[in-house]
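> sequence first, predicted coordinates after that:
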Amino acid sequence: MEKLNKVFRTAQLAAIDKYTIEHEPVSSLDLMERAAGIWTDRFLKIFTEVAGVVVIAGNGNNGGDGYAIARLLNRRGVPVRVFRIAGTQDRSPDCEANYRRWLTRGKVEELKQADDLVLQKGEIVIDAIFGSGLNRPVTGLAARIIKQMNASVNRVVAVDIPSGLAGEDNTWNDPETIVCAEYTFTFQFPKLAFMLAENEKYVGRWEVLDIGLHPEIIARQPTDWFYTTEDTVKAILPPSPVFAHKGTNGKGLLIAGSYGMMGAAVLGAKAAVRSGIGLLYCHIPGKGIEVIQTTVPEAIPDPDESAERFSAVCKLRDYDAIAVGPAIGQGPETVGGLEKLLRTWRGTTILDADALNIIAEHRELLDLLHEGCILTPHMKEFERLAGKSVNDFERLNKLSIFANQYRVHIVLKGAHSVIATPDRRLFFNMSGNPGMAKGGAGDVLTGVLLALAANKLNLLDLLRIGVFAHGLAGDCVAEKEGRRGCCAGMIAERMGEAWKRLEK
Ligand SMILES: NC(=O)C1=CN([C@@H]2O[C@H](COP(=O)(O)OP(=O)(O)OC[C@H]3O[C@@H](n4cnc5c(N)ncnc54)[C@H](OP(=O)(O)O)[C@@H]3O)[C@@H](O)[C@H]2O)[C@H](O)CC1
Ligand SMILES: [K+]
């Protein structure tokens, strides 16, 4: 059964805690103890040589976690120093309880000014000032202390969320007063802010720790944000049919390439034939036949009447899906060809690269989009379609509005590629690595998606599967060759390895 990996708004977390406390049942103090224990175990697994830690604790429950973590680390033999920020308000009840428990083992030093935070070489700072309860930008002494932490060379590890970072929208925030952590161990759910590239400098590497919040409330709480992991894909990937023949595995058409730009067609075709398509037709400019035949012999060339570019698909066979766009250019004949295709073909249509650039320039074509359309822009292509955004969070909003307005599915490609559905849900992808940020990687994705669409998977499933598998293939390349050496051709080559890992 598919496990829905949900991302909740931080405002929903208190209700999830409350339900767990009442229905498990468990006291809130014991829940905090459990969370701190799991956090401490994971911290010591990742940070194996810890000379000492400095916990900076706030007054809310994030601070409570901090005091509990201090005690648990101290019990495991780690030298611990604990600081609190002078002049702040009363501690929450669970924070107070853990503050007192800590005082039985050590002292709490007060930071009256930022300079009081003097860190020893090798000490790791554990940031437990603010967690998911942050509701305004950090100011005053706490802000100065955060700046001091960020200026130090010591490693910083955040409890739940870097202090000062809001879980979702940071448009109103002061970037100078957010902790820049090297690692964040977060409780139960990733926060939406972790998915946005602009917050990477604060969150660092992050991991979700399962602290056993109640499954009933997790299932019941509504959200329109989800994330896709290997488990998700394994659960939704249909098994290969035992009695398959090339007809049952679907027939797809890839419209790609122009004279001198045939690489995109080759990459897309290679990826498609390695992703389970039964029959792949490649619509390429007349002069491109030899290129395709020599590089992807599995593909059937469907040459355009034009020797140099895409102008029209003369014969629409009984395709199950069509992908159009990689390196087709934006000349007038090609614009005409795309328009005709959108008017005559209403099946699953993957629109990428130049197809999107053409639509952005010829906005009347937007009206030809239909529910079978999948748009796969990278950030710049999306901006051409929907306008500039002040930050990643605003772009995410624009993405979901655009998908809803035109009733299409969109994959916004990036570090955590995100799928937007017509009903305004967002699905963040968890595979892939920075080594994939290379020319041609998008063409490979188009080929993968075409193969899955030809297999007649529903659009949301095929996108979650395809985007994840593409990222996984990139991870397979990076594991063997390193990130620097990763290139699009290698990702296409390794699709088979990714599929093997995902198939049951
Ligand atoms: N289920 C879980 O994930 C668990 C999480 N735990 C931990 O609990 C925190 C959330 O704790 P909470 O007490 O709700 O919030 P904080 O610790 O983040 O903040 C405390 C208070 O600070 C005030 N606040 C907010 N913003 C600012 C600011 N910019 N400057 C100063 N003060 C600020 C605010 O109070 P106000 O009355 O002043 O508005 C906050 O209430 C979570 O992150 C986890 O670490 C549990 O330990 C286990 C279960
Ligand atoms: K924190």
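All right, it came through fine. Numbering: from 1, shown residues only. Ligands and ions are numbered 1, 2, ... in the order given.

> strands along the stretch 251-400 of the chain, start to end?
Using DSSP state E, counting those that start in this stretch, the strands of the stretch 251-400 of the chain run over 251-255, 279-284, 300-303, 321-324, 348-351, 373-375.

> and of those strands, who's closest to ligand 2?
Closest of these to ligand 2 is strand 373-375, at 37.1 Å (criterion: C-beta to the ion). (Glycine included, C-beta is placed from N, CA and C.)

> what does that closest one rub up against?
Contact partners of strand 373-375, identified using C-beta atoms under 8 Å, 6 or more residues apart in numbering, comprise 348-352, 356, 369, 385, 406, 408-411, 449, 453, 459, 463.

> if we go to 6 Å?
With contact meaning C-beta atoms under 6 Å, 6 or more residues apart in numbering, strand 373-375 is reached by 349-351, 408-410.

> dump those residues to JSON lines, plus neighbour count, pLDDT and distance to residue 389.
As requested, these are exported to JSON lines (neighbours: other C-beta atoms under 10 Å; pLDDT from 0 to 100; distance: C-beta to C-beta, whole Å):
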{"residue": "349", "neighbour count": "27", "pLDDT": "98", "distance to residue 389": "26"}
{"residue": "350", "neighbour count": "33", "pLDDT": "98", "distance to residue 389": "24"}
{"residue": "351", "neighbour count": "27", "pLDDT": "98", "distance to residue 389": "21"}
{"residue": "408", "neighbour count": "22", "pLDDT": "98", "distance to residue 389": "19"}
{"residue": "409", "neighbour count": "23", "pLDDT": "98", "distance to residue 389": "20"}
{"residue": "410", "neighbour count": "27", "pLDDT": "98", "distance to residue 389": "14"}
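
> now tabulate those in JSON lines and tack on distance to residue 439.
Formatted as JSON lines, those follow (distance: C-beta to C-beta, whole Å):
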{"residue": "349", "distance to residue 439": "24"}
{"residue": "350", "distance to residue 439": "19"}
{"residue": "351", "distance to residue 439": "19"}
{"residue": "408", "distance to residue 439": "25"}
{"residue": "409", "distance to residue 439": "24"}
{"residue": "410", "distance to residue 439": "21"}
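
> ok, these vs residue 6, which is closest?
Among the contacts of strand 373-375, residue 409 lies closest to residue 6 (C-beta to C-beta), at 19.6 Å.

> and the closest residue to residue 378 other than its chain neighbours, backbone torsions?
Nearest residue to residue 378, sequence neighbours excluded (C-beta to C-beta, 6 or more residues apart in numbering): residue 413, at 4.5 Å. Here is the backbone geometry of residue 413 (degrees, to the nearest 10): phi -80, psi 140.

> and for residue 413, the neighbour number?
Other residues lying near residue 413 total 23 when counted by other C-beta atoms under 10 Å.

> same question for the one 4 residues further on.
For residue 417, the tally of surrounding residues (other C-beta under 10 Å) stands at 24.

> please see if stretch 152-165 touches ligand 1.
Yes - interface with ligand 1: stretch 152-165 contributes 159-161 (C-beta under 6 Å from any ligand atom).

> ligand 1 versus residue 487, what's the distance?
Distance, residue 487 to ligand 1, using C-beta to the nearest ligand atom, to the nearest Å: 40 Å.

> dump the residue contacts of that residue.
Here residue 487 is in contact with residue 438 (criterion: C-beta under 6 Å, 6+ apart).

> hmm, 10 Å instead?
Shown in contact with residue 487 (C-beta atoms under 10 Å, 6 or more residues apart in numbering): 267, 435-436, 438-441, 477, 481, 493.

> sort the residues you listed by pLDDT and name the bottom one.
By pLDDT, residue 481 ranks lowest within the contacts of residue 487, coming in at 93.

> which residue sits closest to that one, ignoring its sequence neighbours?
In this structure, residue 481 finds its nearest non-sequential neighbour in residue 490, 6.7 Å apart by C-beta to C-beta, 6+ apart.

> same question, residue 94
Nearest residue to residue 94 in three dimensions, chain neighbours excluded: residue 64, at 4.5 Å (C-beta to C-beta, 6+ apart).

> quick one: secondary structure of the one you found?
Under DSSP: H, G, I helix; E, B strand; the rest coil, the three-state class of residue 64 is helix.

> look up how far residue 467 lies from the residue nearest the centre of the chain.
Residue closest to the average C-alpha location in the chain (C-alpha atoms, centre = their mean): residue 416, at 2.4 Å. Distance of residue 416 to residue 467, computed by C-beta to C-beta, to the nearest Å: 10 Å.

> in which helix or strand does the closest residue to ligand 2 within the stretch 401-504 of the chain reside?
Residue nearest to ligand 2 within the stretch 401-504 of the chain (C-beta to the ion): residue 416, separated by 21.2 Å. Counting by DSSP states H and E, no helix or strand carries residue 416.

> what's downstream of the lengthiest helix in the chain, the next helix or strand?
Using DSSP state H, we find that the single longest helix of the chain is helix 459-481. Sequence-wise, the next helix or strand downstream of helix 459-481 (DSSP H and E) is helix 488-493.
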